[in-house]
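**Q** Dropping the sequence and predicted coords here.
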Amino acid sequence: MKIFKKDKTKKITNERSLEIERERSNKSTSSSSSSSSSNQSSTKLRIFRINAIQNPNDVPHFDEFQVPVKRWTTVLDALLDAKSYQDSSIGIRYSCRMASCGSCGMKINGIPRLACYTKISDLDTNTITCEPLPNFPYIRDLVTDFSQFFAHHRSVMPFIQNKKADIPDVNELSEYEQSPQDLDKFLQFSYCIKCGLCYSACPTVATDLKFPGPQALSQAYRYYADSRDSDKSNRLKVIDTSHGIWRCHFAGSCSNVCPKGVDPALGIQLLRSHLLGISNSEKKIAKLQDRSNNNSYREELEEEEEEEK
Amino acid sequence: MTSDSIKNNRNKNKNLTKWFSDISFLRESQIMKIHYITGVGALFVVAIHIMMRLIMPFNMSLEFENVILNYKNIFYALLLESILVLIAIHGFNGLRVILLELRQTQIWERAVNILVIVAMIGIIAYGTRTIIIANGFSLG
């Protein structure tokens, strides 16, 4: 009886496994059919159009294009598809297609984003509206003029200045040593790709053109916090004006839109605390890190000694 | 008056206007430091002022005799004066910051700075005069 029972249970399990396999195969066929249908789906692109340089009387308007879309299609892919097969006069600026150059910044469905870094499937909508970045003058269609933005960036002297640098021989390659703790103070701000998304999202830039913007200010902090730089006072003088760092309302939208995870709002607040002379927070952080590193090093040494014993 | 003395006077006036309008004797960070300190200070003295109102029923505290009595108390008069000064500095600097964002021309900036400083001094002077008169001193 026992053997018979076992056989029966085996039969039941076999039947069950067969059923599960059938369900799985059905699911896979249905999903493949749905994926094939999604592969064939299309989306509507609404593109902002203006060509004020050629036609000074040109009125801004939106052109609509139906574009084929796959799961992995980015907004830049869709724009290039429309440019290749429907209207070659669409003006787009792009280069690397991998969120490294920061050329393809535009307002996509109302939010400043990189077109190459925004997948259409992530937007959850059938209509995608592409507009030029706000707070920048138009050149043509989605291409904007970055000269003011770069002028602000240049004004904060985004380079290391150190006349007393300990370089033994200028003609030979030499190292300028920096501790990991010192690097941590500004590392995240050095990831900026100058795409202008933070500048376009900033509400202060929208009203005050003399305001340097989150990008320039965070770069000012990046070089201010660099232990190799010695010209800190001059950089602070540039930003400590009536239209400088103090006009930031701390809306935080710059940090929200940054595609590289930089937090310009944090840089601005740290610079402000330095200007007020009330904080050396990153020095404290560095000291704490140093202490914890030393402690862990000591613990490792003690463990090694115990093992030797 | 000779033309030289007229020129000198004009230059003096220009320098005075520039001094007022640029507020070049203070950096923006120093102005903002004053702004934050006066803000916190105002919060503190206004809290004391409101608590003083609760010593007696609120309606009674606003009766003429009680108000005059308050003014005649030297410590209370000093408290009112400090409220006036702190709020005037903090408020008018806030107004200056708002107005500076509206336009970015040099003339506008200078006009705003002069207007704000003059209005602030005017309000502090008028309020101080009221406190002094209510305190029992006559101003002639």
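**A** All right, it came through fine.

**Q** Any residues of the stretch 201-309 of chain A in contact with chain B? List them.
**A** Taking CB under 8 Å from any CB of the partner chain as the measure of proximity, the stretch 201-309 of chain A contacts chain B at A:204, A:207-210, A:240-244, A:246-247, A:275-276. C-beta coordinates here come from the backbone N, C-alpha and C atoms, glycine included.

**Q** Whichever of those end up buried, select them in ChimeraX.
**A** Typed into ChimeraX, the next command selects the buried ones out of those (criterion: 16 or more other CB atoms under 10 Å in any protein chain shown):
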select /A:204,208,210,240,241,242,243,244,246,247,275
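
**Q** could I get the residues of the stretch 201-309 of chain A next to chain B as a markdown table with pLDDT and secondary structure?
**A** A markdown table is the format used below for those (pLDDT from 0 to 100; DSSP: H, G, I helix; E, B strand; the rest coil):
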| residue | pLDDT | secondary structure |
| --- | --- | --- |
| A:Thr204 | 94 | helix |
| A:Thr207 | 91 | helix |
| A:Asp208 | 91 | coil |
| A:Leu209 | 87 | coil |
| A:Lys210 | 92 | coil |
| A:Asp240 | 92 | coil |
| A:Thr241 | 91 | coil |
| A:Ser242 | 90 | coil |
| A:His243 | 93 | coil |
| A:Gly244 | 94 | coil |
| A:Trp246 | 94 | helix |
| A:Arg247 | 94 | helix |
| A:Leu275 | 89 | helix |
| A:Leu276 | 87 | helix |
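
**Q** For the residues of the stretch 201-309 of chain A next to chain B, which two are the farthest from each other?
**A** A:Leu209 and A:Leu276 (25.8 Å; CB to CB).

**Q** Need the pLDDT of B:Asn13.
**A** pLDDT recorded at B:Asn13 is 56.

**Q** Could you do the one 5 residues further on as well?
**A** Per-residue confidence for B:Lys18 comes out at a pLDDT of 55.

**Q** any low-confidence regions in the chain?
**A** You didn't say which chain, so I picked chain A. A:1-40, A:166-170, A:278-301, A:309 (pLDDT under 70).

**Q** meant chain B, my bad for not saying
**A** For chain B (pLDDT under 70), the answer is B:1-24, B:137-140.

**Q** what about whatever residue of chain A ends up closest to chain B, distance to B:Tyr36?
**A** Relative to chain B, the nearest point of chain A is A:Leu275 (4.2 Å; CB to the nearest CB). As judged by CB to CB, to the nearest Å, A:Leu275 and B:Tyr36 stand 12 Å apart.

**Q** ditto for B:Leu69
**A** Applying CB to CB to B:Leu69 and B:Tyr36 gives a distance of 34 Å.

**Q** same check, this time on A:His274
**A** 15 Å.

**Q** neighbour-wise, which of the two wins?
**A** A:His274 (19 against 12; other CB atoms under 10 Å in any protein chain shown).

**Q** so where does the more buried one fall, helix or strand?
**A** helix A:264-276 (DSSP states H and E).

**Q** Mind giving me the packing neighbours of that helix?
**A** Packing partners of helix A:264-276 (3 or more CB pairs under 8 Å, 6 or more residues apart in numbering or on different chains; DSSP states H and E): helix A:213-224, helix A:232-239, helix A:253-257, helix A:281-308, helix B:28-53.

**Q** can you map out the strands along the stretch 1-150 of chain A?
**A** Along the stretch 1-150 of chain A, counting by DSSP state E, counting those that start in this stretch, strands occupy A:42-49, A:61-68, A:105-108, A:111-114, A:127-131, A:138-140, A:143-144.

**Q** rewinding a little: highest average neighbour count across the helices and strands packed on helix A:264-276?
**A** Mean neighbours per residue, mean count of other CB atoms under 10 Å in any protein chain shown, is largest over the helices and strands packed on helix A:264-276 for helix A:213-224, with a mean of 26.

**Q** Good, we can wrap up now.
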